[in-house]
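Trainee: Fold the following, please.
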Amino acid sequence: MRVHVTELRPGDRLQADTFNDIGLHVLHKGKELKLEEISKLIQHGIAYVEVDPSRPDEPTASSPFLSGQPASKVEEQVGQAVEGFESLYLEALSTGRINTTVVNDIMEPLVDRLSTHTDVVSLLLSINPEDEYTYQHSVQVGILSYYISTWLGYAPEEAYAAGKAGFLHDIGKCLVPAELLYKPGKLTPEEFEEMKRHTVYGYDIIRSSTNDEIPALVALQHHERDDGSGYPHQCGELEVHPFSRITAVADVFSAMTTNRVYQTKQELLTVLRELYSLSFGKLSPRATQAFISHMLPNFIGKRVTLTSGETGTIIMTNPADFFRPLVKTKDRFIDLSSDRNIAIDQIYM
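Mentor: Numbering: from 1, shown residues only. Okay, here's the model as predicted:
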């Protein structure tokens, strides 16, 4: 059966070898098409292909996190980690210390789940947006710090240590006055100086709780920047622990993609573009670019709403502009890298 590429569905199977206009072989006969293969056909300018007439009734689901399905094991583990961080936060508030055994009890099963889970975008989209920001943010940063260190080639025990440090990076906020943490408007210069002290508070809390200096350094340094413009000590990249630089990337991404009292969350690909800009002088270029390169494939198959009001599916990351992909709607394909009047408003599962 001859089908136009715009009408192909995941699960269709090719009945013949497929070649582009200059005779280059693109896909083999019998190939079961997924979104990646459909986007490859489009990229090669192929208009029609022959597919098995016994086609699937519905597209194959591309994500394990579908609306209406029971929460997965990794989602459940994330929820437990958020609850666990809350208990640590309240303990630090009341005693100035944390129980590091409890930290490991939270992190070990979480990392065990993460180690076999590759779709990080779906995982982030599945996290409960109603969770208290500081608790949810700390868990997200721990998760992303673990993944980034893994992508950078750190050994499993080192990646675990990076994830644990990211998990604890904001523990010092428990000692910042609540009226500053939850102030909806802009902080005054004096208030901002007090807010910045959460880095020092976190260092002190962790150092009084454990002999392991690494998570304490990450709590102290995660707002330092490579060009020396950060705080609290305006350290340059050579003075900052590598895990602090990893956590800084995770922290910025999580903060920008999460609703806060004074800021509405931003769309994920827009934030990745901003991170890319920050990798030239502010954030670790190696950690940032590893993060971006491993995140981008996760967007293939995700549903989106566009600023035009249309809904569709991301089918290809555009090599001309990684952050403005090719989207298939019900009626057409939209190349966001060339159609600058339309943008992604929201990404969902």
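Trainee: What is the three-state secondary structure of the most centrally placed residue in the chain?
Mentor: In the chain, the centroid-proximal residue (CA atoms, centre = their mean) is residue 121; its distance is 5.4 Å. In terms of secondary structure, residue 121 is helix; the call rests on DSSP: H, G, I helix; E, B strand; the rest coil.
Trainee: which non-adjacent residue is nearest it?
Mentor: residue 298 (3.7 Å; CB to CB, 6 or more residues apart in numbering). Just so you know, the C-beta spots here come from the backbone N, C-alpha and C atoms, and that holds for glycine as well.
Trainee: hang on, that neighbour in a strand?
Mentor: No. If the criterion is three-state DSSP, then residue 298 is helix and not within a strand.
Trainee: Can I get stretch 142-158 in PDB, CA atoms only?
Mentor: Coordinates of the C-alpha atoms in stretch 142-158 are reproduced here as PDB (Å, rounded to 0.1, in the frame of the first residue of the first chain):
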ATOM      1  CA  GLY A 142      20.100  15.300  42.800                       C
ATOM      2  CA  ILE A 143      18.700  13.300  39.900                       C
ATOM      3  CA  LEU A 144      20.200  15.500  37.200                       C
ATOM      4  CA  SER A 145      23.500  15.700  39.000                       C
ATOM      5  CA  TYR A 146      23.600  11.900  39.000                       C
ATOM      6  CA  TYR A 147      22.800  11.700  35.300                       C
ATOM      7  CA  ILE A 148      25.200  14.400  34.200                       C
ATOM      8  CA  SER A 149      28.100  12.800  36.100                       C
ATOM      9  CA  THR A 150      27.200   9.400  34.500                       C
ATOM     10  CA  TRP A 151      27.200  11.000  31.100                       C
ATOM     11  CA  LEU A 152      30.600  12.600  31.800                       C
ATOM     12  CA  GLY A 153      32.000   9.100  32.400                       C
ATOM     13  CA  TYR A 154      32.300   9.100  36.200                       C
ATOM     14  CA  ALA A 155      32.300   5.700  37.900                       C
ATOM     15  CA  PRO A 156      29.100   4.500  39.500                       C
ATOM     16  CA  GLU A 157      30.300   5.300  43.000                       C
ATOM     17  CA  GLU A 158      31.400   8.800  41.900                       C
END
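Trainee: Contacts for that stretch next, please.
Mentor: For stretch 142-158, the surrounding residues in contact (CB atoms under 8 Å, 6 or more residues apart in numbering) are 78, 81, 107, 110-111, 114-115, 120, 123, 159-160, 162-168, 243, 246-247, 249-250, 253-254, 286-287, 290-291, 293-294.
Trainee: could you measure residue 211 against residue 271, distance?
Mentor: Distance, residue 211 to residue 271, by CB to CB, to the nearest Å: 36 Å.
Trainee: And residue 252, by the same measure?
Mentor: When residue 252 is compared with residue 271 (using CB to CB), they lie 8 Å apart.
Trainee: Kindly report the same for residue 17.
Mentor: Relative to residue 271, and taking CB to CB, residue 17 is found at 41 Å.
Trainee: Repeat that for residue 331.
Mentor: Taken as CB to CB, the span from residue 331 to residue 271 is 29 Å.
Trainee: So for the two, which residue has more residues nearby?
Mentor: residue 271 (18 against 9; other CB atoms under 10 Å).
Trainee: Name the next helix or strand downstream of the lowest-mean-pLDDT helix or strand in the chain, please.
Mentor: Lowest on mean pLDDT, DSSP states H and E among the helices and strands of the chain sits helix 35-43, with a mean of 74. On the C-terminal side of helix 35-43, the closest following helix or strand by DSSP states H and E is strand 48-50.
Trainee: now for that following strand, which elements pack on it?
Mentor: strand 2-4 (3 or more CB pairs under 8 Å, 6 or more residues apart in numbering; DSSP states H and E).
Trainee: What pairs with the strand it packs on, parallel or antiparallel?
Mentor: strand 48-50 (antiparallel) (DSSP bridges).
Trainee: which parts of the strand it pairs with are buried?
Mentor: Buried residues in strand 48-50, defined by neighbour count with 16 or more other CB atoms under 10 Å: residue 49.
Trainee: what residues does that strand touch?
Mentor: 1, 2, 3, 4, 5, 8, 14, 15, 16, 18, 41.
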